[in-house]
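In: sharing a sequence plus its predicted fold:
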Amino acid sequence: MTVTLPPGEARYFDAERETMPRDRLAELQWELLTETLAFAYERAPLVRSLWEAAGCRPEDLGGIADFVARAPTFDKDALRAWRAGHGDPFGGVCGVPVGELNAVTSTSGTTGEPTLVPERWGQGTVGPPAVMYRDLWEVGVRPGDHVSLFLFTFRGPVFAFVQQLGAVPVCFDHDATEIERLLRCSAELAPTALYNFGGPMLRATAEVAAARGLDPASMLGSYRGVVAAGEPLGPRARRLADAWGLEIFEHSGVGDVTGCFECREHAGMHVWEDTVLVEGFDPDTGRPCDPAADHLERVELVATALVNRVAPLVRFRSGDLVDLDRRPCACGRTHARIRTLGRLGDEVVVDGRSVLPGELWGAIEAIEACRLGCFQVIRPRRELDVLRLRVGYRDTPPGRLEALRDEVAAAVVAVVGLVPEVELVPDTQLLRLGPPHKIPRVVPA
Ligand SMILES: [Zn+2]
């Protein structure tokens with residue numbers, strides 16, 4: 001696939017698509033959805049079986065409103081069940097013969113068995129280049145630049161996106177032992193973007209720099225942007241990035257269909273709606289919200305691939321609780337923005353007070369001994385009598401643990417008004433649970 005690049009001074013990678021009026025975008029979505037549904041119904045066995053059970057055929061639908069009213073949904077459990085029941089590693093959603101794939105990547109598996117992602121790099125999507133191209137352009141990647149890649153399970157395609165932008169990938173493993181090499185290579189090659197370097201790596205950089213007497217602010221001074229994925233950045237990592245002059249662009253997944261990135265406004269992550277149809281479902285009723293809503297809503301994110309011709313997910317319920325905002329962004333783009341709040345299954349309700357792990361983060365990592373922000377909410381069920389937390393610590397002698405426990409409890413009371421039961425464990429024990437860039441934040445026991 002050859003990619004035509006805009007002039008280097010262009011603000012947008014694809015001005016026409018990125019700033020398309022929303023009524024035109026809706027027409028384009030319906031055209032793309034019609035093609036996707038025909039493809040998925042024909043080629044993806046899980047999708048076909050769901051639609052047959054619902055008594056619905058793609059050609060019965062007259063528009064997006066019909067789709068919202070009638071199309072069946074499915075979730076990750078349905079994928080896993082199909083995978084186990086049919087001996088199909090791709091969960092019944094791979095739309096091409098396995099021999100025609102040219103890569104298999106996987107999700108990180110924070111909440112269970114990693115999901116395998118079939119790829120047909122270069123021929124897997126229809127339409128103009130979108131995710132990664134538009135986003136890395138916005139971060140500031142230009143032809144001739146070096147771009148540092150700090151990658152794990154999905155390294156293949158990312159490498160090629162950078163090359164197609166005319167830039168040169170500089171590769172590292174996503175591992176704290178690579179940080180010193182990253183610092184030294186960054187000082188020498190002056191790359192302009194760093195992908196993917198989130199909270200745990202920023203915090204680890206502070207430790208490596210202190211131990212080796214290195215100065216991250218000057219060694220990382222060439223970066224126009226640092227992309228951070230995996231989980232939202234806590235306040236401590238944010239302060240480190242600020243102190244080193246790094247502009248962080250948060251990046252996340254959109255229901256296993258595609259990715260989304262912040263623009264330079266940092267007011268939510270843009271979802272390219274000419275590649276994915278995003279819907280919001282009411283978290284209390286589980287029913288779809290109005291797809292034409294032009295205000296911010298707190299919803300479960302549901303995604304349908306519009307251009308993917310390998311794994312055409314149709315109405316995949318992500319289980320992600322997000323703020324979905326379809327109002328225009330100050331950057332001039334018309335595509336929706338989301339902010340990730342947590343997993344729907346992560347919420348606990350204690351004394352009628354809903355608590356998500358993200359609310360506790362800043363309070364816990366502000367305590368010096370808990371500065372890695374390693375903690376878990378114990379959630380045997382959604383409704384609880386007491387908030388139970390497992391919190392990681394370091395550099396604390398046994399005689400100080402009781403006082404540390406009180407300090408953590410007081411910090412939690414200050415943010416959510418609930419007195420928690422706190423179990424302290426060494427950081428190293430919690431970090432072993434990671435895949436490795438994040439740990440499970442909510443566990444049943
Ligand atoms: Zn924007």
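Out: Everything's here; your move.
In: quick one, phi psi at the closest residue to Val168 other than its chain neighbours?
Out: Taking C-beta to C-beta, 6 or more residues apart in numbering as the measure, Val168 lies nearest to His146, with 5.0 Å between them; neighbours along the chain are not counted. No exception for glycine: its C-beta is placed from N, CA and C like everyone else's. In this entry, His146 is assigned phi and psi values of phi -100, psi 140 (degrees, to the nearest 10).
In: I'd guessed His146 sits against Gly166; true?
Out: No - with contact defined as C-beta atoms under 8 Å, His146 does not count as touching Gly166 (11.5 Å).
In: higher neighbour count, those two?
Out: Taking neighbours as other C-beta atoms under 10 Å, His146 and Gly166 compare with His146 leading, 19 against 14.
In: quick one: the more buried one from Ser222, how far?
Out: Separation of His146 from Ser222 (C-beta to C-beta, to the nearest Å): 8 Å.
In: got any residues that touch both of those two?
Out: Contact criterion C-beta atoms under 8 Å, 6 or more residues apart in numbering; residues bridging His146 and Ser222 by contacting each: 190-192.
In: make a PyMOL selection of the buried ones in those residues.
Out: To isolate the buried members of these in PyMOL, using 16 or more other C-beta atoms under 10 Å:
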select buried, resi 191+192
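In: could I get the shared contacts of His146 and Ser222 as CSV with secondary structure and distance to Leu37?
Out: Shown next, in CSV, are the shared contacts of His146 and Ser222 (DSSP: H, G, I helix; E, B strand; the rest coil; distance: C-beta to C-beta, whole Å):
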residue, secondary structure, distance to Leu37
Ala190, coil, 47
Pro191, coil, 42
Thr192, coil, 40
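In: looking at the shared contacts of His146 and Ser222, which is nearest the ion?
Out: For these, the minimum distance to the ion (C-beta to the ion) is 19.9 Å, reached by Thr192.
In: got a list of what that closest one touches?
Out: Taking C-beta under 8 Å, 6+ apart as the criterion, Thr192 is in contact with 140-142, 145-147, 167, 222-225.
In: tell me if I'm right that Ile338 and Glu273 touch.
Out: No - when contacts are counted by C-beta under 8 Å, Ile338 is not listed as touching Glu273 (11.1 Å).
In: ok, back up a step: next one, pLDDT for the residue nearest to Val168 please.
Out: Confidence per residue is given as pLDDT, and for His146 that number is 98.
In: for it, list the residues it contacts.
Out: 167-170, 189-192 are the contacts of His146 under C-beta under 8 Å, 6+ apart.
In: go again with 10 Å.
Out: Under the criterion of C-beta atoms under 10 Å, 6 or more residues apart in numbering, the contact partners of His146 comprise 162, 167-170, 185-186, 188-193, 222.
In: of those, buried ones?
Out: Neighbour counting over those (16+ other C-beta under 10 Å) leaves 162, 167, 169-170, 185-186, 191-193, 222 as the buried ones.
In: can I get the residues you listed in a markdown table with distance to the ion?
Out: Rendered in a markdown table, the data for the buried ones among the contacts of His146 read as follows (distance: C-beta to the ion, whole Å):
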| residue | distance to the ion |
| --- | --- |
| Val162 | 22 |
| Ala167 | 22 |
| Pro169 | 26 |
| Val170 | 28 |
| Cys185 | 31 |
| Ser186 | 27 |
| Pro191 | 24 |
| Thr192 | 20 |
| Ala193 | 17 |
| Ser222 | 24 |
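In: against Ala403, how distant is the residue of the stretch 51-200 of the chain found nearest the ion?
Out: Ranked by C-beta to the ion, the top residue of the stretch 51-200 of the chain for proximity to the ion is Glu138, at 8.2 Å. Summarising the geometry, the distance separating Glu138 from Ala403, computed by C-beta to C-beta, is 47 Å.
In: with neighbour numbers in mind, choose between those two.
Out: When Glu138 and Ala403 are compared for neighbours, Glu138 comes out ahead with 22 against 10, by other C-beta under 10 Å.
In: present the buried ones among the contacts of His146 as CSV; the columns should include secondary structure.
Out: What follows is the buried ones among the contacts of His146, written out as CSV (DSSP: H, G, I helix; E, B strand; the rest coil):
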residue, secondary structure
Val162, helix
Ala167, coil
Pro169, strand
Val170, strand
Cys185, helix
Ser186, helix
Pro191, coil
Thr192, coil
Ala193, strand
Ser222, coil
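In: show me this protein divided up by domain.
Out: In the assignment given by automatic domain parsing, the structural domains of the chain cover 1-343, 347-443.
In: deepest-packed of these, please.
Out: Comparing the domains of the chain by mean neighbour count (mean count of other C-beta atoms under 10 Å), domain 1-343 comes out on top with a mean of 18.
In: any low-confidence regions in the protein?
Out: Along the chain, the parts satisfying pLDDT under 70 run over 1, 107-113, 153-156, 435-437.
In: give me the helices and strands touching the longest helix seen in it, please.
Out: Secondary structure assigned by DSSP state H gives helix 22-43 as the longest helix of the chain. Taking 3 or more C-beta pairs under 10 Å, 6 or more residues apart in numbering; DSSP states H and E as contact, the helices and strands that helix 22-43 lies on are helix 15-18, helix 45-53, helix 64-70, strand 276-281, strand 297-305.
In: cutoff 6 Å now
Out: The contact analysis (3 or more C-beta pairs under 6 Å, 6 or more residues apart in numbering; DSSP states H and E) places helix 22-43 against helix 45-53.
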